[in-house]
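Colleague: return atomic coordinates for the entry below.
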Amino acid sequence: MDLERAQTKFADVVAAADRRRYPLQLQRHRPVALKEYAPRFEESFNPGKKRDVDEERQHAKRLQHVYKREFKAAKRELRKDNQFLADVKLKETIEKDREYKEKIKGIYNMVCKAKLCGRRSSCSGLTPFSVPFGWSYDSSNKSRRA
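Modeller: Numbering: from 1, shown residues only. This is a model prediction of the structure:
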């Protein structure tokens, strides 16, 4: 009796184990989509507008584009400002040189009048800038060195 009861109990356990068993399977997950080689068309496609699938990357590119444009504009403005300042400085230098020339011309004329006292014929062809500094002009002997 004990033996029969053990046999029936064993048969019940084996039957229950058979009912709980199922064949092995791979992990259940969504199937992976195959790569599509057919292009995806957009209804509102604009070839002039730069588009990127990643919105964050597109925004970063746009900001970089704006930054570069502003940087170039700032460089252009600095070049214009420097050119303007150089022009002003050149005009000031030219004006100073002109004033200096006038001053030297006046001094030269005053010295010429005082030195020659009426012999203007020897001074008539000379100007303060026609003879280099340190040189003298002697019409009789054609020597230019002082």
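Colleague: starting at the chain centroid, how far to the helix or strand containing K9?
Modeller: Under the criterion of DSSP states H and E, K9 resides in helix 2-20. Helix 2-20 has its average C-alpha position 85 Å from the chain's average C-alpha position, going by Cα atoms, centre = their mean, to the nearest Å.
Colleague: so where's the protein shaky on pLDDT?
Modeller: Across the chain, the ranges flagged by pLDDT under 70 are 117-146.
Colleague: what do you get if the cut-off is 50, keeping everything else the same?
Modeller: Scanning the chain for pLDDT under 50 picks out 120, 143-146.
Colleague: next SSE after the helix holding K9?
Modeller: Helix 2-20 is succeeded, C-terminally, by helix 55-116 (DSSP H and E).
Colleague: name the helices or strands packed onto that following helix?
Modeller: Here helix 55-116 touches no other helix or strand, going by 3 or more Cβ pairs under 8 Å, 6 or more residues apart in numbering; DSSP states H and E. To be clear about C-beta, it is placed using only N, CA and C from the backbone, and glycine gets the same treatment.
Colleague: taking the centroid of this structure, which residue is nearest it?
Modeller: For the chain, the residue lying nearest the average C-alpha position, counting by Cα atoms, centre = their mean, turns out to be K72 (5.3 Å).
Colleague: pull up the gap between that one and R79, please.
Modeller: 11 Å (Cβ to Cβ, to the nearest Å).
Colleague: go on, I94?
Modeller: Counting by Cβ to Cβ - I94 and R79 are separated by 22 Å.
Colleague: any figure for the gap between L26 and K96?
Modeller: L26 is 92 Å from K96, by Cβ to Cβ.
Colleague: sorry, slip of the keys, the one I care about is A33.
Modeller: Distance of A33 to K96, given as Cβ to Cβ: 80 Å.
Colleague: tell me which of these two has more neighbours.
Modeller: When A33 is set against K96 and neighbours are counted by other Cβ atoms under 10 Å, the residue ahead is K96, at 10 against 6.
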